[in-house]
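Chemist: Got a predicted structure plus its sequence, pasted below:
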Amino acid sequence: MTKQDLIAAAAAAAGVTKKDAQAVLDGVIDTITSTLQKGDSVTITGFGTFRVSERAARSGVNPRNPEQKIQIPAMKLPAFKAGKSFKDAVR
């Protein structure tokens, strides 16, 4: 399912136009993104939690030259943990 498919399905379910559904979806995505950028988490009860996960710095191997060692920097990554209701619905 693409973003446009999701917008069409949400518009049909809510009885609103696709333009209105797209505005709401874009607003939700922007809000989640800005909240994660601040380092906070977003919990949607019954669905799941979006949070920031931190990956420590580590050393690795250059795939083009396996003899060369490289340093991979620490970074922050978005993570999602599904809620119980959502897990049960998918199972």
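Modeler: That came through fine.

Chemist: what comes up buried for the lengthiest helix in the chain?
Modeler: Across the chain, the helix with the greatest residue count (assigned by DSSP state H) is helix 18-37. Going by neighbour count (16 or more other Cβ atoms under 10 Å), the buried part of helix 18-37 is A21, Q22, I32, L36. From N, CA and C alone the C-beta is placed, and that goes for glycine too.

Chemist: Now pLDDT and distance to A12 too, for the residues you listed, in JSON lines please.
Modeler: Compiled in JSON lines, those are given as follows (pLDDT from 0 to 100; distance: Cβ to Cβ, whole Å):
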{"residue": "A21", "pLDDT": "96", "distance to A12": "9"}
{"residue": "Q22", "pLDDT": "96", "distance to A12": "13"}
{"residue": "I32", "pLDDT": "97", "distance to A12": "23"}
{"residue": "L36", "pLDDT": "96", "distance to A12": "29"}
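
Chemist: Specify which member of those is nearest to I44.
Modeler: I32 (9.1 Å; Cβ to Cβ).

Chemist: Including distance to Q71, could the buried residues of helix 18-37 go into TSV?
Modeler: Output for the buried residues of helix 18-37, formatted as TSV (distance: Cβ to Cβ, whole Å):
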residue	distance to Q71
A21	45
Q22	42
I32	31
L36	26
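
Chemist: Taking those together, which two end up most distant?
Modeler: A21 and L36 (22.8 Å).

Chemist: hmm, who's touching the host helix or strand of I7?
Modeler: Under the criterion of DSSP states H and E, I7 resides in helix 3-14. Contacting residues not belonging to helix 3-14 are listed as M1, T17, K18, D20, A21, Q22, V24, L25 [Cβ atoms under 8 Å, 6 or more residues apart in numbering].

Chemist: Closest one of the residues you listed to A74?
Modeler: L25 (32.0 Å).

Chemist: I'd like the contacts of helix 3-14 as TSV, with distance to N65 appended.
Modeler: Shown next, in TSV, are these (distance: Cβ to Cβ, whole Å):
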residue	distance to N65
M1	40
T17	55
K18	50
D20	53
A21	49
Q22	46
V24	49
L25	44
